[in-house]
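Enquirer: this one's sequence-less:
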């Protein structure tokens with residue numbers, strides 16, 4: 001029997017990136033070893049067997065939430081692409097595709113998993129900025145874009161000018177690898193206790209203008225609507 005570590009499954013409106021505003025079913029994996037210091041879902045880090053669900057349970061929950069109306073799935077985490085998740089993740093994606101769901105996966109930018117990326121409809125690939133204290137390899141990013149630029153976005157959480165400049169440097173480094181017009185989305189980060197980072201948002205917009213407008217600046221709509229600490233929204 002195929003089992004998965006699943007933190008939660010819920011219906012919500014996409015709150016960030018180029019698909020902002022689209023209703024989806026989110027399947028959030030439990031377990032992550034990446035360690036971004038500004039992660040806002042640290043409760044998903046532990047590989048806790050208490051979160052084990054069967055493939056049938058996961059698909060049944062998706063079907064109930066979908067009501068045959070919402071046919072878009074976003075697989076997120078935690079880190080759904082951690083090597084220990086891959087066999088069960090592949091089985092999940094196969095089953096969802098067999099049921100005619102459009103499947104997006106949130107990739108942390110630390111690995112390219114061909115057997116998964118070939119199957120899904122869309123890949124949201126992170127570029128980790130210096131404030132996360134996690135490094136995204138520009139070479140790996142280039143490899144990813146060479147093969148998957150036709151169905152991807154690049155997302156970066158930006159805290160300050162150093163984060164912006166690191167993202168701009170990566171953008172230029174891999175530009176030759178982008179066979180299509182790949183959207184790069186900058187998300188102004190929330191610091192602990194902030195309700196809305198208005199000044200940071202304005203600063204990122206101005207930085208983007210001063211660097212020739214290479215990026216889309218898209219905030220986190222779900223945090224505006226429900227507050228930065230609310231879950232499953």
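Expert: Right, received. Where do you want to start? Here the structure is a predicted model, which means the values were calculated and not measured. Numbering: from 1, shown residues only.
Enquirer: Every contact and neighbour count from this point should use C-alpha atoms.
Expert: Fine.
Enquirer: what pairs with residue 53 across the strands?
Expert: Listed beta-bridge partners, residue 53: residue 4 (assigned using DSSP bridges).
Enquirer: Near it, how many other residues are there?
Expert: Neighbour count for residue 53, taken as other CA atoms under 10 Å: 15.
Enquirer: Residue 79 too?
Expert: Quick note: residue 79 (other CA under 10 Å) scores 22 neighbours.
Enquirer: Without its sequence neighbours, what residue ends up closest to it?
Expert: Of all residues not flanking residue 79 in the chain, residue 32 sits nearest, at 4.8 Å (CA to CA, 6 or more residues apart in numbering).
Enquirer: which residues does that neighbour contact?
Expert: For residue 32, the contacting residues are 44, 45, 46, 47, 77, 78, 79, 80, 82, by CA atoms under 8 Å, 6 or more residues apart in numbering.
Enquirer: Emit the ChimeraX select command for whichever of those are buried.
Expert: Provided next is the ChimeraX selection string for whichever of the contacts of residue 32 are buried by 16 or more other CA atoms under 10 Å:
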select :44,45,47,77,78,79,80,82
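Enquirer: Among the contacts of residue 32, pick out the one closest to residue 187, please.
Expert: Of all the contacts of residue 32, residue 187 sits closest to residue 77, with 17.7 Å by CA to CA.
Enquirer: before we move on, the earlier item: the residue nearest to residue 79 belongs to a strand, doesn't it?
Expert: No. Residue 32 sits outside any strand when classified using DSSP: H, G, I helix; E, B strand; the rest coil, being coil.
Enquirer: how near is it to residue 77?
Expert: 7 Å (CA to CA, to the nearest Å).
Enquirer: and if you look at residue 219?
Expert: 19 Å.
Enquirer: same thing with residue 131?
Expert: As defined by CA to CA, residue 131 lies at a distance of 20 Å from residue 77.
Enquirer: for residue 58, what are its contacts?
Expert: Taking CA under 8 Å, 6+ apart, we find residue 58 in contact with residue 9.
Enquirer: where does it fall, phi/psi-wise?
Expert: For residue 58, the backbone dihedrals are phi -60, psi -50 (criterion: degrees, to the nearest 10).
Enquirer: Equivalent analysis for residue 224, please.
Expert: Dihedral angles for residue 224 - degrees, to the nearest 10 - are phi -70, psi -40.
Enquirer: Counting neighbours, what do you get for it?
Expert: 13.
Enquirer: So for it, what's the nearest residue that isn't a sequence neighbour?
Expert: Spatial nearest neighbour of residue 224, excluding adjacent residues (CA to CA, 6+ apart): residue 196 at 6.8 Å.
Enquirer: Could I get the phi/psi values of that neighbour?
Expert: Main-chain torsions, residue 196, degrees, to the nearest 10: phi -160, psi 120.
Enquirer: That one contacts residue 226, doesn't it?
Expert: No. Using CA atoms under 8 Å, residue 196 is not in contact with residue 226, being 11.1 Å away.
Enquirer: Between these two, which has more neighbouring residues?
Expert: The neighbour comparison of residue 196 against residue 226 (other CA under 10 Å) goes to residue 196, with 18 against 12.
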